[in-house]
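Engineer: task: produce atomic coordinates for the following.
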Amino acid sequence: MSDADLQTVEAALDALLADHDPKAESYSEFRGHLFDAGLAWIQFEKGAGGLGMAPQLQRTINIRLKEAGAPPTDPAQFFMYLAGPTIVTHADDEVKQRFLRPMFTGEEKWCQLFSEPGAGSDFAGLATKALKDGDEWIINGQKVWNTLAHIADWGMLVTRTDPNVRKHRGMTYFALDMKAEGVDVRPLRQITGEAEFNEVYMTDVRIPDAHRIGAEGEGWRAALTTLMNERTAIGGSGSGGGLLTGGGAIGKLLEIYKENGIDSAVERDEVTQLWIRAEVLRLTNMRAAQMARVGNPGPEGSVGKAMMAFVNQDIWEKAVDLQGMAGQLDYDYTFRRPETTNMVGDSAGYAFLRARANTIEGGTSEIMKNILGEQVLGLPGEPRVDKDVPWIDVPRG
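Structural biologist: Below is the predicted model of the structure:
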């Protein structure tokens, strides 16, 4: 990050804020101007919402926008942090022009269509089929655990296009119109009473080849970009806050500790230990973000994701414990379909229940440990007897 780049960004911000007041314009209108100025994703190329500069400069932009009164990113747009980098890294210019701007403005929301009933942790074993038909693809299959698919306009879909090669090949990545004929989104009710997650059935759904992201048969590579960004995004949310007045899970825990007037050396020590763990996680995420190249994190992002899951669960368990029996009261289990992701909710009781998903979503903790062992620590990989076997010949239950 050079001084010249910083001056360029500051000048672009001055010009943007001089012409557009974020407190006077609508959310999507102002974000459209932000995108056009190249300040949406500073590390992306010009014309794709960026200026081709170091991703660390995004922090400068975010601080200036907050000071100017710009609202934070709508949580319902969480998946732009996954789809955006994937499209920029792997898609052609037409796809970038079609999807990136409305994704950033919030005019089009996205979801992720990866896991299947028979392909969760073993994502490369997916069976959703895509058959070429002229300039279109015909899709048949089922996806599961699809967060906010019920409000999404588009889905990041990975399919099996060639079953006769080994499973990590023969996969192709598409942008799926969630309102297309043959797409059926069904709710999955969770322990919280919500149906934030869904299962999606696709029956003879047609996708134009123009909506393919990356080359045919290269879906695994594109999917890895999505997954690495997902793990970094999840790992950077939730429990970290660090400061005693910080937000996130640790901030809520400290509020509960103070409100309940607890005077116990044991409880104080346990809360302090959780604060330390949250602070270490926050600093680890900062280091991982600084190591990211061109905005796409490497396997080190799995550190934050793996640890966030455990720290977040432990924090909310302690928050409920500190409230005693009151921690089990005043929670509404009524079935509902939320329109945003929310790991905290309105109560510690909700967050305690919601945190059960942390060790599963975005890659199970067991998978995270494998990634860290093999790709970060360089340990020998687990035996994979189906690694070089054509997908169609791999035994399935």
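
Engineer: tell me where the stretch 101-250 of the chain has strands.
Structural biologist: Here the stretch 101-250 of the chain has its strands, by DSSP state E, counting those that start in this stretch, at 110-113, 129-133, 136-144, 154-160, 171-177, 183-188, 197-208.

Engineer: looking at those, which is buried most?
Structural biologist: strand 110-113 (a mean of 27; mean count of other CB atoms under 10 Å). Yep, even glycine has a C-beta here, placed from its N, CA and C like the rest.

Engineer: from the chain's centre, how far out does that one sit?
Structural biologist: 10 Å (CA atoms, centre = their mean, to the nearest Å).

Engineer: what is the mean pLDDT for that strand?
Structural biologist: The average pLDDT for strand 110-113 rounds to 97.

Engineer: got a list of contacts for that strand?
Structural biologist: 77, 79-80, 82-83, 103, 143, 146-149, 152-158, 176, 178, 200, 226, 230 (CB atoms under 8 Å, 6 or more residues apart in numbering).

Engineer: before we move on, what about stretch 350-366?
Structural biologist: Residues outside stretch 350-366 that contact it (CB under 8 Å, 6+ apart): 120-121, 145, 147, 190-192, 227, 230-231, 234, 238, 249, 252, 302, 305-306, 308-310, 312-313, 316-317, 319-320, 327, 331, 342-345, 371.

Engineer: let's see 6 Å
Structural biologist: 121, 191-192, 230-231, 234, 305-306, 309, 312-313, 316, 320, 343-345 (CB atoms under 6 Å, 6 or more residues apart in numbering).

Engineer: dump it to PDB, keeping only the CA atoms.
Structural biologist: C-alpha atoms of stretch 350-366 as PDB (Å, rounded to 0.1, in the frame of the first residue of the first chain):
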ATOM      1  CA  TYR A 350     -31.400 -17.100  20.900                       C
ATOM      2  CA  ALA A 351     -27.600 -16.800  20.300                       C
ATOM      3  CA  PHE A 352     -26.900 -19.900  22.400                       C
ATOM      4  CA  LEU A 353     -29.200 -21.900  20.200                       C
ATOM      5  CA  ARG A 354     -28.100 -20.400  16.900                       C
ATOM      6  CA  ALA A 355     -24.400 -21.000  17.800                       C
ATOM      7  CA  ARG A 356     -25.000 -24.800  17.600                       C
ATOM      8  CA  ALA A 357     -24.700 -24.300  13.800                       C
ATOM      9  CA  ASN A 358     -21.300 -22.600  14.000                       C
ATOM     10  CA  THR A 359     -19.300 -25.900  14.000                       C
ATOM     11  CA  ILE A 360     -21.200 -27.100  10.900                       C
ATOM     12  CA  GLU A 361     -21.800 -24.200   8.600                       C
ATOM     13  CA  GLY A 362     -19.100 -23.100   6.200                       C
ATOM     14  CA  GLY A 363     -17.300 -26.400   6.700                       C
ATOM     15  CA  THR A 364     -17.400 -28.600   9.800                       C
ATOM     16  CA  SER A 365     -14.800 -28.200  12.400                       C
ATOM     17  CA  GLU A 366     -13.400 -31.600  11.500                       C
END
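
Engineer: how far off centre is stretch 349-363?
Structural biologist: 14 Å.

Engineer: average pLDDT for it, rounded please.
Structural biologist: On average, stretch 349-363 scores 88.

Engineer: ok, now stretch 272-289?
Structural biologist: 85.

Engineer: per the record, what domains does this structure have?
Structural biologist: 1-72, 110-223, 225-376 (automatic domain parsing).

Engineer: distance from the second one to the middle of the chain?
Structural biologist: Meaning domain 110-223. 16 Å.

Engineer: just the endpoints, please. Distance across it?
Structural biologist: This stretch, domain 110-223, spans 15 Å end to end (CA to CA, to the nearest Å).

Engineer: and residue 144, what is it in contact with?
Structural biologist: Counted by CB under 6 Å, 6+ apart, residue 144 has contacts 115, 117, 199.

Engineer: nearest residue to it in space, please, no chain neighbours.
Structural biologist: Of all residues not flanking residue 144 in the chain, residue 199 sits nearest, at 4.5 Å (CB to CB, 6 or more residues apart in numbering).

Engineer: which residue of the chain lies farthest from its centroid?
Structural biologist: Residue farthest from the centre of the chain, counting by CA atoms, centre = their mean, is residue 263 at 39.0 Å.

Engineer: let's see the pLDDT reported for that one.
Structural biologist: 82.

Engineer: on the three-state scheme, it is what?
Structural biologist: coil (DSSP: H, G, I helix; E, B strand; the rest coil).

Engineer: so it versus residue 257, what's the distance?
Structural biologist: 11 Å (CB to CB, to the nearest Å).

Engineer: element containing residue 60, please.
Structural biologist: Element membership for residue 60 (DSSP states H and E) is helix 57-67.

Engineer: just how off-centre is that helix within its chain?
Structural biologist: Centre-to-centre, helix 57-67 and its host chain are 21 Å apart (CA atoms, centre = their mean).

Engineer: buried ones in it?
Structural biologist: 57, 58, 60, 61, 64, 65 (16 or more other CB atoms under 10 Å).

Engineer: and the residue nearest to the first one when sequence neighbours are not counted, how many neighbours?
Structural biologist: Beyond its immediate neighbours in the sequence, the residue positioned closest to residue 57 (CB to CB, 6+ apart) is residue 42, lying 4.8 Å away. When counting by other CB atoms under 10 Å, one arrives at 25 neighbours for residue 42.

Engineer: got phi/psi on residue 127?
Structural biologist: phi -120, psi 0 (degrees, to the nearest 10).

Engineer: OK, contacts around it?
Structural biologist: residue 160.

Engineer: from residue 158, how far off is it?
Structural biologist: Per CB to CB, residue 127 is found 11 Å from residue 158.

Engineer: ok, now residue 105?
Structural biologist: Here residue 105 is placed at a distance of 25 Å from residue 158 (CB to CB).

Engineer: then residue 170?
Structural biologist: Counting by CB to CB, the gap between residue 170 and residue 158 amounts to 11 Å.
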